[in-house]
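Engineer: got a sequence here, can you build the structure:
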Amino acid sequence: MSIYVGNLSYDVTQDDLSTVFAEYGTVQRVHLPTDRETGRPRGFGFVEMSAEAEEDAAIEALDGAEWMGRSLRVNKAKPREEGSNDRRSGGGGGGWGNKSGNYSRNF
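Structural biologist: Numbering: from 1, shown residues only. As a prediction, the model looks like this:
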């Protein structure tokens with residue numbers, strides 16, 4: 001299982017996050033997604049620990065905690081749904097106008 005960590009400072013590194021979570025057990029992996037266009041961190045990340053009890057302890061201790069000037073959101077990560085927010089998945093309608101003359105782009 002994985003832990004979702006939200007509301008992170010954009011200055012946080014993988015090492016920073018690993019150090020904080022290591023206080024609650026063995027950190028196996030840390031992932032900080034970045035924006036494709038800017039390369040900047042997106043303000044959230046994922047941490048995998050070696051045991052569920054360690055994850056539970058970290059969530060209990062860190063959810064709502066103040067860190068680097070921000071109040072963290074820490075909980076069990078939800079599995080990614082197929083095609084959700086995935087622009088490559090195709091489908092979807094949209095266009096630049098309709099019969100009523102309203103012009104808006106639907107994404």
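
Engineer: ok, how many other residues are close to residue 38?
Structural biologist: Residue neighbour count, defined by other Cβ atoms under 10 Å, stands at 8 for residue 38. For every residue, glycine as well, the C-beta is placed using N, CA and C.

Engineer: can you check residue 16 too?
Structural biologist: 17.

Engineer: I'd like the distance between the closest residue to it other than its chain neighbours and residue 5.
Structural biologist: Counting by Cβ to Cβ, 6 or more residues apart in numbering, residue 16 lies nearest to residue 68, which is 7.9 Å off, once chain neighbours are set aside. Counting by Cβ to Cβ, to the nearest Å, the gap between residue 68 and residue 5 amounts to 12 Å.

Engineer: do the same with residue 62
Structural biologist: Taking Cβ to Cβ as the measure, residue 62 falls 8 Å from residue 5.

Engineer: overlap in contacts of these two?
Structural biologist: 72, 74 (Cβ atoms under 8 Å, 6 or more residues apart in numbering).

Engineer: give me the more crowded residue out of these two.
Structural biologist: residue 5 (28 against 20).

Engineer: tell me what that one is bridged to.
Structural biologist: As for beta bridges, residue 5 partners with residue 45, residue 74 under DSSP bridges.

Engineer: what helices or strands is the lengthiest helix in the chain leaning on?
Structural biologist: Determined from DSSP state H, the single longest helix within the chain is helix 52-62. Applying 3 or more Cβ pairs under 8 Å, 6 or more residues apart in numbering; DSSP states H and E, we find helix 52-62 packed against strand 3-6, helix 14-22, strand 44-49, strand 73-76.

Engineer: so how far is residue 73 from the residue most central in space within the chain?
Structural biologist: For the chain, residue 44 is the residue whose C-alpha lies nearest the centre (Cα atoms, centre = their mean; 3.8 Å). The spacing between residue 44 and residue 73, counted by Cβ to Cβ, is 8 Å.

Engineer: shared neighbours of the two, anything?
Structural biologist: Joint contacts of residue 44 and residue 73 (Cβ under 8 Å, 6+ apart) are 4-7.
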